[in-house]
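J.: sequence below, structure please.
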Amino acid sequence: MKDPNNPCIFCKIRKEEIQFENKLAYSSTDSYPVSEFHSLIVPKRHVETFFDLTKEEILACNELILKTKEKILKKDSSVKGFNIGTNAGMSAGQSIMHCHIHLIPRRKGDVKNPQGGVRSVIPKKQHYKRK
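T.: Modelled structure (predicted):
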């Protein structure tokens, strides 16, 4: 299996794979999508995690999250929600060591019980009862 970190696949992205870009970041579709139109927002500067981004890079990424979200909603009216997340470090599941933010479109009924959303990264913690 080819190592996506050597060379970094996000540093070597092809122009035709880019949905949107600005001076500091770009968005593209995920090669292993969780749902249709699952997208990635990636800073152009090679940094490992979200916590390494500058304020300007965070704003640039946020701009592309919103732009990509609007594009997805125009393409697919069945999208009723989104999960937004990033994995920071190998213990959190990061496998490509270049910061990237997942924008995952969600549709009604795509899972039996969506309660907990991103909490499902630790399955026993996904479903909870309010006190």
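J.: which residue ranges of this protein form helices?
T.: Under the criterion DSSP state H, the chain contains helices at 55-75.
J.: can you give me the strands for it?
T.: With DSSP state E applied, the chain shows strands at 18-21, 25-29, 39-43, 79-85, 101-107, listed in chain order.
J.: helices and strands around the third one, which ones?
T.: Of the remaining helices and strands, those touching strand 39-43 by 3 or more Cβ pairs under 8 Å, 6 or more residues apart in numbering; DSSP states H and E are strand 25-29, helix 55-75, strand 101-107. (Glycine included, C-beta is placed from N, CA and C.)
J.: can you say which of the strands of the chain is packed in most?
T.: strand 39-43 (a mean of 25; mean count of other Cβ atoms under 10 Å).
J.: so where is the chain shaky, pLDDT-wise?
T.: 125 (pLDDT under 70).
J.: quick check: chain neighbours aside, which residue is closest to S95?
T.: P4 (7.1 Å; Cβ to Cβ, 6 or more residues apart in numbering).
J.: give me the neighbour count for the one you found.
T.: 14 (other Cβ atoms under 10 Å).
J.: next one: K23
T.: The burial count for K23: 8, using other Cβ under 10 Å.
J.: center of the chain - which residue?
T.: H102 (0.7 Å; Cα atoms, centre = their mean).
J.: tell me how far it lies from K131.
T.: 30 Å (Cβ to Cβ, to the nearest Å).
J.: can you check K67 too?
T.: 39 Å.
J.: ok, now H38?
T.: Relative to K131, and taking Cβ to Cβ, H38 is found at 34 Å.
J.: outside of stretch 23-39, which residues touch it?
T.: With contact meaning Cβ atoms under 8 Å, 6 or more residues apart in numbering, stretch 23-39 is reached by 13, 17-21, 40-45, 56-57, 60-61, 63-65, 67-68, 72, 75-76, 79, 102-107, 110.
J.: so what's the nearest residue to I41 once chain neighbours are set aside up against?
T.: Spatial nearest neighbour of I41, excluding adjacent residues (Cβ to Cβ, 6+ apart): I101 at 4.3 Å. Residues counted as contacts of I101 (Cβ under 8 Å, 6+ apart) are 40-42, 50, 61, 65, 84-86.
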